[in-house]
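Student: sequence below, structure please.
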Amino acid sequence: MAERKMESRTPAKFDVMVVGSNMIDLLSHISQLPKMGETVIGDSFHLGHGGKGANQAVMAARLGARVGMITKVGNDVFGKMTIENFAKEGISTDTVFIQKEQSSGVAPIFVDKDGSNMIVIIPGANLDLTPQEVQGVAERIQSSKIIVSQLEINEETIIAGFQIAKEAGITTILNPAPARSISDELIKLTDLIIPNETEAEVLTGIKVEGQKGAQQAAGRLLAAGAKQVILTLGADGAYLFDSEHQAHFPALRVEPVDTTGAGDAFIGSLAYALAQDQSLPEAIRFANLVAAISVTKIGTQTSFPTAKEVDQAQSSLQ
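Tutor: You can find the predicted model right below:
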């Protein structure tokens, strides 16, 4: 039986509400990846906060958005750490559910000296977040400007959140990651779907190579019911498509140090910008800048810039 950690009975007003996942990253650096049955001695260990939902929430909050998080953790030390991290980042925790019979989501990660890695994702309590629980906090969604979700929780739970949002006239953003097929029902509930090349190919069966491939994949998503599509292309920037137009937004040229979490930085900052009433083209340019800043630092949430850092970067470009 799940219980919800409550801060207040009075509904808050949110810029961004994330219906999504949280993870604790358990990162080990080793000289070489072990063979089956082999034990190796590692060089270093780092415990960090992750999960696509949490990452995108943190990014929006770092920029100054009022952010809430609908998610579920286990009744364990990792769950407590996750809630504490949300609070530290200024993210409301009153819709964080606690599952007593389940562990929190964790991701053991092993990286060798060449950068090759092995990752095991154990979603744990994330997959126990139910449509009924989301429906039970409908007032939180209804008091938000933007709803954001990903695919690290069950699809029916996302649909429940997006249905509430659509009935209230609230913009829905879906990041279809990790890549997997989704129903047309979810696509039709999505105002803005944001896949990368791999995710777009899984969703549409079309290989995204160059502008033509991007256009074909986006066209299929629009035909399935999405209102607008942003295809993120890493160093090649992003394409925006709707039923009548398309536009390319080049990425800023930087020397990348670590690209981990760049996609989450893009989506979290895009949601922030839209909640501040920027136009979609303006929001994409802003998100490109924030994502570019993030890849110049090591880590995921640790690489996400503050509003002050983004202002400084914008000033240096003028």
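Student: tell me the spacing between S28 and T157.
Tutor: Going from S28 to T157 by Cβ to Cβ, to the nearest Å gives 31 Å. Any C-beta I mention is one placed from the backbone N, CA and C, and that applies to glycine too.
Student: quick check: D311 is in a helix.
Tutor: Yes. D311 forms part of a helix when assessed by DSSP: H, G, I helix; E, B strand; the rest coil.
Student: that one: how many residues sit nearby?
Tutor: D311 has 11 neighbours, counted by other Cβ atoms under 10 Å.
Student: picking up where we left off before, S28 and T157: which is more packed in?
Tutor: For S28 versus T157, the count of surrounding residues by other Cβ under 10 Å is larger for T157: 24 against 17.
Student: so where's this protein shaky on pLDDT?
Tutor: 1-12, 115, 318 (pLDDT under 70).
Student: next, K166: phi, psi?
Tutor: Backbone torsions of K166, given as degrees, to the nearest 10, read phi -60, psi -40.
Student: dump the residue contacts of the residue nearest to it when sequence neighbours are not counted.
Tutor: Excluding its sequence neighbours, the residue lying closest to K166 (Cβ to Cβ, 6 or more residues apart in numbering) is L189, at 5.7 Å. Counting by Cβ atoms under 8 Å, 6 or more residues apart in numbering, L189 touches I159, F162, Q163, A165, K166, T172.
Student: now do the third one against S181, distance only.
Tutor: To tie it back to what came earlier, the one meant is Q163. Counting by Cβ to Cβ, the gap from Q163 to S181 is 20 Å.
Student: these two: who's more crowded?
Tutor: Q163 (18 against 11).
Student: pretty sure the more buried one sits in a strand.
Tutor: No. Using three-state DSSP, the assignment for Q163 is helix, not a strand.
Student: excluding covalently adjacent residues, which one is nearest to it?
Tutor: Nearest one to Q163, counting by Cβ to Cβ, 6+ apart, is L189 at 6.4 Å.
Student: and the gap between the one you found and E38?
Tutor: From L189 to E38 the distance is 47 Å (Cβ to Cβ).
Student: V134 too?
Tutor: V134 is 44 Å from E38, by Cβ to Cβ.
Student: between those two, which is the more surrounded one?
Tutor: Between V134 and E38, counted using other Cβ under 10 Å, V134 has the larger neighbour count: 26 against 8.
Student: packing partners of whichever strand or helix holds the more buried one?
Tutor: For V134, the enclosing helix or strand under DSSP states H and E is helix 131-136. When contacts are defined as 3 or more Cβ pairs under 8 Å, 6 or more residues apart in numbering; DSSP states H and E, helix 131-136 packs onto strand 67-74, helix 155-167.
Student: would you turn the ones you listed into JSON lines with distance to I284?
Tutor: Formatted as JSON lines, the helices and strands packed on helix 131-136 follow (distance: least, Cβ to Cβ, whole Å):
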{"stretch": "strand 67-74", "distance to I284": "20"}
{"stretch": "helix 155-167", "distance to I284": "21"}
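Student: with that, I have no additional questions.
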